[in-house]
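S.K.: Here you go, sequence then predicted model.
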Amino acid sequence: MQKIILTQPDDWHLHLRDGAGTKTVVAHTAAQFKRAIIMPNLIPPVTTVDQALAYRQRILDLLPSNTGFEPLMTLYLTDKTSEEEVYKASESDHIHAIKMYPAGATTNSDAGISDVNNVIDALRAMEKTGLPLLIHGEVTDKAIDVFDREAVFIETVLEPLLEKQPNLRVVLEHITTKHGVDFVKRGNENIAGTLTAHHLLLNRNAIFQGGIQPHHYCLPILKRETHRQALLEAATSGDGKFFLGTDSAPHTIGKKETSCGCAGIYTAHAALELYAEAFESVNALDKLEAFASFNGPDFYHLPRNENKITLEKSEWQVESAFPFQNESVVPFRANETLSWKLRSE
């Protein structure tokens, strides 16, 4: 296959950061996707509707002209999130979900929840309104092995929560294990999951090949090859519960190549090309459109996009770095050759 024509996809999990220094990463996403769910883990976090709407406007102000890109905003769930704020969010045309970070689980998550029981009232309001809960599904107990934290979270936090609130609409984001895949598969129609390109393409060996590779460090961390295969099977299965969410997360070189590097892999520069590579690796390019373009809008009760994009079989080399926050961000596959290319219309 030399060409793929797809309904323009959306990105259902994206980090843009904030401020004028993010202009390049905003443009990368807008060149590929029609819409994107924007993560709220700024400093300070986006915890109210008013803050989310102000952040949305800052993103719009950075967009290249005539892109038509639409940022879909979220709120950051904290121990203090009120029922009233949830109801206000559900009534906004621009707020599409609320994000739950266990405190300390990942970048800028210190304001996250300390115990799910502290936010029961807010979660009940979400259940009533149908506003989705987006979950970074890891426990933060230091006694739990970092490679087991997703499975333990599902067993000890998420499954008990859904026994009490079975109508809560949940997206288990950036699934990294077979446990996560199986949880989504056996759940009801209110349960879905996003899959990143880097978790479809890499296993945990990538972190250590040729020495420590800081630009392959992300959270949830890359897992065993058996888990990568389970993710790839889920993505290409045609199951409508799984859809595209890049979790593209830019950090400056200085924050990655240091003694305490930040977690995150930047993939927005070539997201669709990377997903195409993953799907092609198992001869499933015919399943890419549903995964990338249909399943996400269907879950979020939004219309599917109407315009088309084209991917062509064409080798090109990824740049070594892109401008970001007065420094640079190193993209995934920097200086390497990719075999698919999004055609510029």
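M.R.: Ah, there it is.
S.K.: Please make it C-alpha for all contacts and neighbour counts, starting now.
M.R.: OK.
S.K.: Can you show me the helices along the stretch 101-250 of the chain?
M.R.: Assignment of helices within the stretch 101-250 of the chain using DSSP state H, counting those that start in this stretch yields the ranges 120-129, 149-153, 159-164, 178-186, 197-201, 225-235.
S.K.: For residue 41, find the nearest of the ones you listed.
M.R.: helix 120-129 (18.4 Å; CA to CA).
S.K.: Mind giving me the packing neighbours of that closest one?
M.R.: Counting by 3 or more CA pairs under 8 Å, 6 or more residues apart in numbering; DSSP states H and E, the packing neighbours recorded for helix 120-129 are helix 83-90.
S.K.: follow-up on the earlier one: tabulate the helices of the stretch 101-250 of the chain in JSON lines, adding columns for mean pLDDT and distance to residue 73.
M.R.: Converted to JSON lines, those look like this (pLDDT from 0 to 100; distance: least, CA to CA, whole Å):
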{"stretch": "helix 120-129", "mean pLDDT": "97", "distance to residue 73": "16"}
{"stretch": "helix 149-153", "mean pLDDT": "97", "distance to residue 73": "25"}
{"stretch": "helix 159-164", "mean pLDDT": "96", "distance to residue 73": "24"}
{"stretch": "helix 178-186", "mean pLDDT": "98", "distance to residue 73": "24"}
{"stretch": "helix 197-201", "mean pLDDT": "98", "distance to residue 73": "22"}
{"stretch": "helix 225-235", "mean pLDDT": "98", "distance to residue 73": "25"}
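S.K.: Determine which stretch of the ones you listed is the most buried.
M.R.: helix 197-201 (a mean of 24; mean count of other CA atoms under 10 Å).
S.K.: Does that one pack against any helices or strands, and if so which?
M.R.: helix 225-235, helix 271-280.
S.K.: contacts for the shortest one?
M.R.: Yep, that's helix 271-280 we're talking about. Identification of contacts with helix 271-280 by CA atoms under 8 Å, 6 or more residues apart in numbering yields 32, 197-198, 200-201, 232, 236, 246, 285, 287-288, 311, 338-342.
S.K.: Only the buried subset of these, as a PyMOL command please.
M.R.: Selection of buried members from the contacts of helix 271-280 for PyMOL, criterion 16 or more other CA atoms under 10 Å:
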select buried, resi 32+197+198+200+201+232+236+246+285+287+288+311+338+340+341+342
